[in-house]
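Novice: here are the coordinates; sequence isn't available:
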């Protein structure tokens, strides 16, 4: 079993920054590809960033590229999402996810490719 716990969400003004953290508990966290997804009211859940287990490859959705940075500290079993220059359209519940099934050193961007999810953390950006 793997447990993922997100933290760092909150209310911020447009142009501000937040850093989300996702702490992993259970199995060998350092061997998992990780992703950050978000879901706004009335919208589908989308992948905003992903990282392979070694941290050497990353993915960003076009809407966040240049503003968000995903990173990981395998020694601390934690993945981060640094969010800068936040916009009202970034308002959503943010989820971290882990893929414990794949053996390659890749990142993934589809929900079905992840088998463990955190509970989510709310990010609200006011204009």
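Specialist: Received it, and whenever you're ready, just let me know what you need. Here the structure is a predicted model, which is why all the values come from computation and not from measurement.
Novice: only C-alpha atoms for contact and neighbour calcs from this point on.
Specialist: OK.
Novice: do you know the pLDDT at residue 71?
Specialist: Per-residue confidence (pLDDT) for residue 71: 98.
Novice: who does it bridge with?
Specialist: Residues in a beta bridge with residue 71, per DSSP bridges, are residue 80.
Novice: in this structure it contacts residue 80, no?
Specialist: Yes - using C-alpha atoms under 8 Å, residue 71 makes contact with residue 80 at a distance of 5.3 Å.
Novice: so what's residue 124 up against?
Specialist: Residue 124 is in contact with 9, 10, 11, 12, 88, 90, 91, 92, counting by C-alpha atoms under 8 Å, 6 or more residues apart in numbering.
Novice: need those residues in CSV (columns: pLDDT, neighbour count and distance to residue 43).
Specialist: Formatted as CSV, these follow (pLDDT from 0 to 100; neighbours: other C-alpha atoms under 10 Å; distance: C-alpha to C-alpha, whole Å):
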residue, pLDDT, neighbour count, distance to residue 43
9, 97, 18, 19
10, 97, 14, 20
11, 98, 14, 20
12, 98, 18, 21
88, 97, 15, 15
90, 98, 20, 12
91, 98, 20, 11
92, 98, 21, 9
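Novice: could you identify the most distant pair in the residues you listed?
Specialist: Maximum pairwise distance among these (C-alpha to C-alpha): 14.1 Å, between 9 and 88.
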